[in-house]
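> need coordinates for the below:
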Amino acid sequence: MSDTSRTSDTRTPAQIEADIKRRRETLAETLDEIGVRVHPKTIVGDAKARFVAGIDHTLGRAYVGANRLVSDVKGQFVSEEGAPRLERIVPVAVVLVGVVGLLAVNSRRRKG
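Residues are numbered from 1 along each chain as shown. Model prediction:
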């Protein structure tokens with residue numbers, strides 16, 4: 001059995017006093033810890049840390065998503081060996097040149 005489970009008639013007054021002192025110290029430590037946890041600076045600091053962790057997590061997911069998208073697009077225009085896939089690049093380039101040309105013609109018409 002432990003000291004705390006003994007009946008009071010088997011302990012000496014010195015043992016009882018030591019037990020009370022030990023319990024007071026434990027209680028004081030617990031109260032100090034609670035005081036630190038509920039202190040406004042601690043609460044604000046914890047909230048800031050959670051917010052920053054959430055932002056970091058969101059940015060990390062966005063980075064991974066963007067990286068995956070770039071890899072997927074690159075996979076469409078570059079073969080596994082690293083050679084450009086001209087059969088896919090040329091049609092996209094022609095469409096882009098056509099769109100830029102239409103925008104240029106349209107902007108000239110608006111100005112003139």
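> mind listing the helices for the chain?
13-37, 40-77, 86-111 (DSSP state H).
> can I get these in TSV with mean pLDDT and mean neighbour count?
Bear in mind the C-beta positions are built from the backbone N, C-alpha and C, glycine included. Formatted as TSV, the helices of the chain follow (pLDDT from 0 to 100; neighbours: other CB atoms under 10 Å):
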stretch	mean pLDDT	mean neighbour count
helix 13-37	95	10
helix 40-77	94	10
helix 86-111	91	10
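> okay, now the domains of this structure?
Domain assignment for the chain by automatic domain parsing gives 3-83, 84-112.
> so how far is the longest one from its chain's centroid?
Remark: domain 3-83 is offset 14 Å from the chain centroid, using CA atoms, centre = their mean, to the nearest Å.
> so which residue is dead centre in this protein?
Residue closest to the average C-alpha location in the chain (CA atoms, centre = their mean): H57, at 2.8 Å.
> quick check: chain neighbours aside, which residue is closest to V36?
T42 (5.9 Å; CB to CB, 6 or more residues apart in numbering).
> from I89, how far off is G75?
Per CB to CB, to the nearest Å, G75 is found 13 Å from I89.
> again but with D19, I slipped
Between D19 and I89 the computed distance is 83 Å (CB to CB).
> also T10?
To I89, T10 is 91 Å away according to CB to CB.
> now do G35
The value you get for G35 to I89, if CB to CB is used, is 67 Å.
> over to T42?
58 Å.
> next one: T26
Where I89 is concerned, T26 sits at a distance of 73 Å (CB to CB).
> likewise R68?
From R68 to I89 the distance is 21 Å (CB to CB).
> and the pLDDT for G82?
Listed pLDDT for G82 reads 87.
> may I have the phi/psi pair for it?
Dihedral pair for G82: phi 100, psi 0, per degrees, to the nearest 10.
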